[in-house]
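1. Predicted structure and sequence below. I'll ask about it afterward.
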Amino acid sequence: MSKPDDLKTARGVSPRPGEASVLRRMSLVLNAFSVSRPALTVEEVAQLIGASEPTAYRYLGELCESGLLSRRAGLYVLGPKVIELEFIIRSCDPILHASEDVLRRLAETTGCNVLLCNIYNETIVNVFHAVGREPLDLIFTRGRPMPLFRGSQARAILSVLDRRQLKRIFERHEGDPDLKRIAANWDEFKALLQETRRRGYYISRNELDPDVTGIAAPVFDRDRTALGSLVLAYSSSRPPPISEKALAQIVVDTATTLSGGNGSASD
């Protein structure tokens with residue numbers, strides 16, 4: 001189990017005792033869960049939200065009552081309501097619903113694996129995966145948070161973010177090894193992303209998974225806000241019988257179609 005102090009920086013958030021609202025405290029608790037931290041104790045939650053253990057018990061009780069958490073042998077884990085909400089997203093999300101057929105056809109025609117990745121705050125998540133003719137054993141499967149500075153999905157999204165937002169991200173993550181690997185300073189980082197933005201797509205080679213190439217282009221909503229990215233992934237050693245240039249154009253065209261389906265036209 002992680003040390004309580006580590007929980008204060010879960011997902012990059014640092015609460016101050018007594019200053020967190022009820023909603024923020026509950027959000028801090030839910031955001032503390034991850035594959036490496038699947039369960040929490042009352043003591044850890046109290047440290048996390050900056051409150052007494054009786055207060056932590058009250059918050060945990062309410063989260064359990066709502067189904068968002070469950071109590072197992074003195075520990076607290078994510079509850080069945082989370083699975084129910086995930087089902088609702090898969091069944092009713094208008095973007096997924098409108099794009100699913102397009103993405104499955106894309107997997108069939110190219111033979112590639114097709115991923116749709118969304119971003120919220122500074123977290124990128126794979127929300128859809130259509131398997132191509134050759135299934136890939138991907139590390140970052142649907143629902144698992146993906147690196148922010150590594151992989152085609154990340155580069156495509158970062159390249160179209162607002163400059164001020166991008167600067168804040170760079171400053172908050174300046175010590176991240178993945179960020180240091182691609183840029184030594186802000187000017188290098190900015191220039192790198194400007195080049196990706198001009199091109200309209202980014203190709204990663206074995207950045208997330210060994211022997212996997214990814215080609216990604218950004219997807220927008222009707223206000224030209226970046227929703228995420230569309231990715232074609234295939235074996236680097238056994239590429240599909242379509243040129244890389246042609247695949248890149250297919251990704252850009254399909255991402256433009258998805259963005260248009262949300263009411264916006266791609267530049």
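-> All right, it came through fine.
2. Can you tell me how far the residue of the chain most remote from its centre is from residue 42?
-> Largest separation from the mean C-alpha position in the chain: residue 54, at 34.0 Å (C-alpha atoms, centre = their mean). Separation of residue 54 from residue 42 (C-beta to C-beta, to the nearest Å) stands at 9 Å. C-betas here are computed from N, CA, C, even on glycine.
3. re the thing from before, and the residue farthest from the centre of the chain, which helix or strand is it part of?
-> helix 53-66 (DSSP states H and E).
4. Give me the residues contacting the helix or strand just after that helix.
-> Remark: after helix 53-66, the chain's next helix or strand is strand 69-72, criterion DSSP H and E. Contact partners of strand 69-72, identified using C-beta atoms under 8 Å, 6 or more residues apart in numbering, comprise 29, 39, 60, 63-64, 76-80.
5. Buried ones among those residues?
-> In terms of neighbour count (16 or more other C-beta atoms under 10 Å), the buried residues within the contacts of strand 69-72 are 29, 60, 63, 76, 78-79.
6. Which helix or strand in this protein has the lowest average pLDDT?
-> helix 4-7 (a mean of 41; mean pLDDT, DSSP states H and E).
7. that older thread, now, which of the contacts of strand 69-72 lie within helices?
-> Of the contacts of strand 69-72, the ones assigned to helices by DSSP state H are 29, 60, 63-64, 80.
8. wait, which of those is closest to residue 240?
-> Residue 240 has its nearest neighbour among those in residue 80, at 39.9 Å by C-beta to C-beta.
9. Contacts only, for that closest one.
-> 67, 70.
10. Does residue 257 touch residue 102 like I think?
-> Yes - look at residue 257 against residue 102 with C-beta atoms under 8 Å: they come within range, at 6.7 Å.
11. can you redo the ones in helices among the contacts of strand 69-72 as TSV with distance to residue 253 and pLDDT?
-> Formatted as TSV, the ones in helices among the contacts of strand 69-72 follow (distance: C-beta to C-beta, whole Å; pLDDT from 0 to 100):
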residue	distance to residue 253	pLDDT
29	42	93
60	48	94
63	44	94
64	47	95
80	40	93
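12. Would you point out the most distant pair within the residues you listed?
-> Using C-beta to C-beta, the pair of the ones in helices among the contacts of strand 69-72 lying farthest apart is 29 and 80, separated by 16.7 Å.
13. Can you point out the buried residues in stretch 77-97?
-> By 16+ other C-beta under 10 Å, the buried positions in stretch 77-97 come out as 78-79, 82, 95-96.
14. Which of those fall within strands?
-> Cross-referencing those against strands under DSSP state E gives residue 78.
15. of the buried residues of stretch 77-97, the lowest pLDDT goes to which?
-> pLDDT across the buried residues of stretch 77-97 is at its lowest for residue 95, which sits at 66.
16. hey, where'd the helices end up in the stretch 1-150 of the chain?
-> 4-7, 22-31, 42-49, 53-66, 80-92, 94-110 (DSSP state H, counting those that start in this stretch).
17. Kindly apply the preceding question to the stretch 151-267 of the chain instead.
-> 152-158, 163-172, 177-182, 186-199, 244-261.
18. and those helices, which is most packed in?
-> helix 152-158 (a mean of 28; mean count of other C-beta atoms under 10 Å).
19. which ones are touching residue 203?
-> Residue 203 touches 152, 213-215, 244, 248, counting by C-beta under 8 Å, 6+ apart.
20. Nearest to residue 118 among the residues you listed?
-> residue 152 (14.9 Å).
21. Surely that closest one touches residue 209?
-> No - Residue 152 is beyond contact range of residue 209, at 11.4 Å (criterion: C-beta under 8 Å).
22. does residue 32 really touch residue 38, like I thought?
-> No - using C-beta under 8 Å, residue 32 makes no contact with residue 38, being 10.4 Å away.
23. Looking only at neighbour counts, state which of the two leads.
-> Neighbour count, other C-beta atoms under 10 Å: between residue 32 and residue 38, residue 32 has more, with 21 against 10.
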